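1. sequence unknown, structure follows:
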Ligand SMILES: C[S@@+](CC[C@H](N)C(=O)[O-])C[C@H]1O[C@@H](n2cnc3c(N)ncnc32)[C@H](O)[C@@H]1O
């Protein structure tokens with residue numbers, strides 16, 4: 001495979017190659033999302049999507065994508081046999097024009113079907129190639145920083161070809177910039193927030209994004225699913241409140257990026273939210289107050305959400321759709337064994353009865369690592385979609401409530 005990078009004589013119109021990794025199971029939805037942004041040559045692979053487009057598309061993909069984990073710019077590819085070939089691939093780039101001057105570096109490598117015996121050694125050779133080239137061209141070596149690097153290089157090894165990428169994202173795109181609480185702090189307390197990218201994936205796969213109506217998350221935790229939904233409704237770009245690695249790169253097109261940010265700001269329309277009420281319920285009052293704070297920090301008006309404190313297994317709120325709106329839908333990730341105590345067999349049966357009684361004709365979508373959840377609920381699923389929630393193998397179950 002050859003490089004798609006066309007040297008930048010006219011940076012705004014050159015065709016660039018990109019790769020966007022995502023959670024397993026979201027590839028097709030991400031491909032559709034990127035195509036809607038104007039991507040061409042869109043191709044899904046396991047765990048990501050490759051695509052082509054101009055610089056503006058790369059900036060927009062970072063700003064708007066709700067499903068990608070990051071956006072990588074393809075720099076070069078080579079047919080390789082050993083570490084020396086990888087060293088040469090890294091050393092033949094003009095890093096002094098690519099990297100932020102004096103910035104610290106991190107290199108990541110992943111492989112599928114590579115015949116190399118040591119991937120650590122391969123990584124070392126690539127790092128050496130970059131460092132040596134920069135020392136020769138600038139007179140100084142970049143420092144390596146695996147925690148908070150200023151710039152990042154990714155390498156993907158296939159059986160015969162190595163692909164070299166520059167990260168345009170920085171912190172992973174699931175970090176939208178609105179979460180008040182820290183995932184790691186929460187998980188020690190028992191609550192387990194979904195990644196924003198996965199929450200958005202549930203909304204795509206359930207069909208809510210295509211046909212948005214009132215939305216209820218009866219186990220809403222920190223409110224991730226509802227906040228993603230409300231931002232989609234209000235036209236708030238996923239990355240509205242954060243920065244991206246490409247902003248620190250020497251070839252940043254300031255005027256283009258400012259225009260894209262301005263366009264995103266102008267597209268926000270908060271009054272659309274009142275047509276599709278968002279309702280969050282949780283039995284943990286402290287988690288609910290986090291959800292409320294997150295909602296506000298995400299740029300959403302307080303009056304557009306209803307937060308209900310209580311036990312969803314006993315009583316559920318009304319989900320009436322305003323006239324002419326699509327019927328209400330439930331999208332949730334209930335507690336389950338690997339992360340939280342689930343309510344046990346009897347509890348789920350009662351919950352299924354309550355769902356059918358409260359929302360006849362509605363759809364309920366549940367993400368769970370418990371592959372027996374339908375059996376426990378006593379409901380037959382109409383859809384079952386495999387998804388990875390971090391390292392937990394999950395299913396998104398769709399139920400039609402009759
Ligand atoms: C897996 S977490 C949901 C995380 C959420 N999606 C987020 O991103 O923060 C499950 C949530 O269900 C809540 N919960 C557990 N049992 C409940 C019950 N019987 N009624 C209401 N909420 C409950 C927990 O407090 C927890 O916040």
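-> Thanks, I have the structure now. Predicted model, so just to flag it, every value in this text is computed and none were measured.
2. CA atoms for contacts and neighbours, from now on please.
-> Fine.
3. which SSE is the closest residue to residue 381 other than its chain neighbours in?
-> With sequence-adjacent residues excluded and distances taken as C-alpha to C-alpha, 6 or more residues apart in numbering, residue 381 is closest to residue 399, at 4.8 Å. Here residue 399, judged by DSSP states H and E, is contained in strand 392-400.
4. related to what we said a few turns ago, count the residues that sit near the residue nearest to residue 381.
-> 19 (other C-alpha atoms under 10 Å).
5. which ones are touching it?
-> 363, 364, 365, 379, 380, 381, 382, 383 (C-alpha atoms under 8 Å, 6 or more residues apart in numbering).
6. Select from these the one having the most neighbours.
-> residue 365 (25 neighbours).
7. hmm, the strand holding residue 399 touching the ligand?
-> No: under the criterion of C-alpha under 6 Å from any ligand atom, the ligand is not reached by strand 392-400; the shortest gap measures 12.2 Å.
8. Any buried residues in that strand, and which?
-> Neighbour-count burial for strand 392-400, counted by 16 or more other C-alpha atoms under 10 Å, picks out 394, 395, 396, 397, 398, 399, 400.
9. Stretch 38-48 now?
-> Residues of stretch 38-48 classed as buried: 38, 39, 40, 42, 44, 48 (neighbour count, 16+ other C-alpha under 10 Å).
10. can you tell me which two in these are farthest apart?
-> The two members of the buried residues of stretch 38-48 with the most space between them (C-alpha to C-alpha) are 38 and 48, at 17.1 Å.
11. biggest helix in this protein, by residue count?
-> Determined from DSSP state H, the single longest helix within the chain is helix 119-138.
12. so after that helix, what's the next helix or strand?
-> Immediately after helix 119-138, counting by DSSP H and E, sits strand 151-157.
13. which secondary structure elements does that next one contact?
-> strand 105-111, strand 161-167 (3 or more C-alpha pairs under 8 Å, 6 or more residues apart in numbering; DSSP states H and E).
14. other SSEs contacting the last one?
-> In this case it means strand 161-167. Right, strand 161-167 is packed against strand 72-79, strand 151-157 by 3+ C-alpha pairs under 8 Å, 6+ apart.
15. Reformat the ones you listed as TSV; add mean neighbour count.
-> Formatted as TSV, those follow (neighbours: other C-alpha atoms under 10 Å):
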stretch	mean neighbour count
strand 72-79	22
strand 151-157	22
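16. between these, which gets nearest to the ligand?
-> The ligand sits nearest to strand 72-79 of all these, at 26.3 Å, using C-alpha to the nearest ligand atom.
17. and the angle from that closest one to strand 161-167?
-> 160 degrees (axes from the mean of the first three to the mean of the last three C-alpha atoms, to 10 degrees).
18. need the contact list for the closest residue to residue 251 other than its chain neighbours.
-> Leaving aside its chain neighbours, residue 251 sits nearest to residue 98 (7.2 Å; criterion: C-alpha to C-alpha, 6+ apart). Residues near residue 98 by C-alpha under 8 Å, 6+ apart: 249, 250, 251.
19. about what we covered before: and the contacts of residue 399, which of them are in strands?
-> Among the contacts of residue 399, the residues falling in strands (DSSP state E) are 363, 364, 365, 383.
20. If the first one is in a bridge, with which residues?
-> It stands for residue 363. Beta bridges link residue 363 to residue 329, residue 400, judged by DSSP bridges.
21. looking at it, it is touching residue 330, isn't it?
-> Yes: proximity of residue 363 to residue 330 meets the contact threshold set by C-alpha atoms under 8 Å, at 6.4 Å.
22. Is it correct that residue 19 falls within a strand?
-> Yes: applying DSSP: H, G, I helix; E, B strand; the rest coil, one finds residue 19 inside a strand.
23. helix, strand or coil for the nearest residue in space to it that is not next to it in sequence?
-> Computed as C-alpha to C-alpha, 6+ apart, the closest residue to residue 19 that is not its neighbour in sequence is residue 50, at 4.3 Å. Following three-state DSSP, we place residue 50 in the strand state.
24. Could you pull up the residues touching residue 50?
-> Counting by C-alpha under 8 Å, 6+ apart, residue 50 touches 17, 18, 19, 20, 41, 42, 43, 44.
25. Tell me, what's the model's pLDDT at it?
-> The score at residue 50 is 98. That number is its pLDDT.
26. where's it relative to residue 17, distance?
-> Shown here: residue 50 relative to residue 17, a distance of 7 Å by C-alpha to C-alpha, to the nearest Å.
27. Tell me, how many residues neighbour the closest residue to residue 325 other than its chain neighbours?
-> Nearest residue to residue 325, sequence neighbours excluded (C-alpha to C-alpha, 6+ apart): residue 213, at 5.9 Å. Residue 213 has 24 neighbours, counted by other C-alpha under 10 Å.
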